[in-house]
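Visitor: What follows is a protein structure lacking sequence information:
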């Protein structure tokens, strides 16, 4: 069932990946013995590549069931077409963060919202962590360039200001900034009667960070044989909620239904869906500081399929080791292009540094071997 596949992503406790993403250490005989990785290596190109997906897994029933992101009201292809059209206005568009050169540095900026996860905040009454999601969506984008976040700005729009709710949301934003080691510099509160539905509000935010020009991570040094390391998510994060809500509607489940986690703790479906997006800033910057990182992809809208190729030079792609994922009414290609599949950030690293990165990961900051770079454009699932 489609709902079963979605629930599978939610059952794992914080920062534990979904099935098929086994940690390398699980196959070792003892924690002190490192498993060597044997991959081939090849030349690198320089240009960015377009997105493609080699998955041929389809399910004729999915269109009848309306279990696609497009059927749920979100057209990823339309978004990609808009990016293609507006690229002539801003030639650097398409990266996770925008670069502004300043002396020996790049200022890196990103802006985002939290999408229809807001509707779950309204329905559950949980307004305490949605601000963390807001910060995460921007700071996780700019850290893909190796940038350290400096400050964050927010926008809060509503029909009629509920001070208690707004305070909870903005406190969450402050908490997110604390996790990202950046300053909440300011923001805008807008009251627009008749524009938003009663009890609803909208959020957006922007983050700015900085990286030395000679430390910029842009994927240009990626070569065939490099390794893909995945950093575990806390759940669905802040993407795919239009489809998730559609699946739950058809499944007959409610947000108050109990959901046993893999660690034996029971939570509700609403609580699992509202789990805040992981802020990867500290973990990623620490990994970068030790060397070997060549490219980073934040897995948000577009999932694995659209986001990973954004960091590759021309002619290169990714082979993803999916393991044994359960097949349901949401086709594999749809799942991989909508949800993060238990991985919120993907690092492309040299094979020499892969073992060290995995060995150094622990607790909620686990890193997993999920694939390798191949001489074939797009993302290929095996």
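Guide: Perfect, I can see it now. Owing to the predicted nature of the structure, the values given are computational and were not obtained by experimental measurement. Residues are numbered from 1 along each chain as shown.
Visitor: how about the strands in the stretch 251-382 of the chain?
Guide: 258-260, 266-268, 293-298, 317-320, 343-349, 367-374, 378-381 (DSSP state E, counting those that start in this stretch).
Visitor: so what are the domain limits for the protein?
Guide: 1-88+218-237+276-382, 96-214 (automatic domain parsing).
Visitor: Turn the strands of the stretch 251-382 of the chain into JSON lines, including distance to residue 150, mean pLDDT and mean neighbour count.
Guide: Any C-beta I mention is one placed from the backbone N, CA and C, and that applies to glycine too. As requested, these are exported to JSON lines (distance: least, Cβ to Cβ, whole Å; pLDDT from 0 to 100; neighbours: other Cβ atoms under 10 Å):
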{"stretch": "strand 258-260", "distance to residue 150": "38", "mean pLDDT": "74", "mean neighbour count": "12"}
{"stretch": "strand 266-268", "distance to residue 150": "35", "mean pLDDT": "80", "mean neighbour count": "13"}
{"stretch": "strand 293-298", "distance to residue 150": "18", "mean pLDDT": "96", "mean neighbour count": "25"}
{"stretch": "strand 317-320", "distance to residue 150": "31", "mean pLDDT": "92", "mean neighbour count": "23"}
{"stretch": "strand 343-349", "distance to residue 150": "20", "mean pLDDT": "92", "mean neighbour count": "26"}
{"stretch": "strand 367-374", "distance to residue 150": "26", "mean pLDDT": "90", "mean neighbour count": "24"}
{"stretch": "strand 378-381", "distance to residue 150": "32", "mean pLDDT": "87", "mean neighbour count": "20"}
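Visitor: mind checking which of these is nearest residue 138?
Guide: Nearest to residue 138, of all the strands of the stretch 251-382 of the chain, is strand 293-298, at 9.9 Å by Cβ to Cβ.
Visitor: who does the closest one touch, helix- and strand-wise?
Guide: strand 343-349 (3 or more Cβ pairs under 8 Å, 6 or more residues apart in numbering; DSSP states H and E).
Visitor: residues making contact with the strand it packs on?
Guide: By Cβ atoms under 8 Å, 6 or more residues apart in numbering, the residues outside strand 343-349 that reach it are 17, 21, 140, 144, 219, 222, 226-234, 237, 277-278, 280, 284, 287, 292-299, 304, 307-308, 311-312, 357, 367-368, 370, 373.
Visitor: So which of those residues are in helices?
Guide: 140, 284, 287, 304, 307, 357 (DSSP state H).
Visitor: Please confirm that residue 187 is located within a strand.
Guide: Yes. Looking at residue 187 with DSSP: H, G, I helix; E, B strand; the rest coil, it is inside a strand.
Visitor: so how far is residue 178 from it?
Guide: 16 Å (Cβ to Cβ, to the nearest Å).
Visitor: same check, this time on residue 298
Guide: 20 Å.
Visitor: same check, this time on residue 140
Guide: Relative to residue 178, and taking Cβ to Cβ, residue 140 is found at 15 Å.
Visitor: And these two? Which one has more around it.
Guide: residue 140 (31 against 14; other Cβ atoms under 10 Å).
Visitor: Bridging across strands, which residues link to the residue nearest to the more buried one when sequence neighbours are not counted?
Guide: With sequence-adjacent residues excluded and distances taken as Cβ to Cβ, 6 or more residues apart in numbering, residue 140 is closest to residue 298, at 4.7 Å. Taking DSSP bridges as the rule, residue 298 bridges to residue 345.
Visitor: Surely residue 298 touches residue 139?
Guide: No. With contact defined as Cβ atoms under 8 Å, residue 298 does not reach residue 139; the gap is 9.7 Å.
Visitor: Residue 120: which element?
Guide: Using DSSP states H and E, residue 120 sits within helix 117-124.
Visitor: what packs against that helix?
Guide: helix 130-142, strand 201-212, helix 241-251, helix 269-273.
Visitor: contacting residues around the last one?
Guide: Identification of contacts with helix 269-273 by Cβ under 8 Å, 6+ apart yields 7, 10-11, 117, 120, 123-124, 126, 235-236, 241, 244, 248, 253-259, 261.
Visitor: Flag the shaky bits of this structure, pLDDT-wise.
Guide: The chain contains residues with pLDDT under 70 at 1-76, 79-80, 83, 90-94, 240, 260-264, 323-341, 363-364.
Visitor: Now do the helices in the stretch 51-200 of the chain.
Guide: 61-65, 76-86, 117-124, 130-142, 163-180 (DSSP state H, counting those that start in this stretch).
Visitor: Next, the buried residues of the last one.
Guide: Which is helix 163-180. 165-166, 168-170, 172-177, 179-180 (16 or more other Cβ atoms under 10 Å).
Visitor: which helices and strands sit right next to it?
Guide: helix 130-142, strand 148-158, strand 183-191, strand 201-212, helix 281-289.
Visitor: can you do 10 Å?
Guide: helix 117-124, helix 130-142, strand 148-158, strand 183-191, strand 201-212, helix 281-289 (3 or more Cβ pairs under 10 Å, 6 or more residues apart in numbering; DSSP states H and E).
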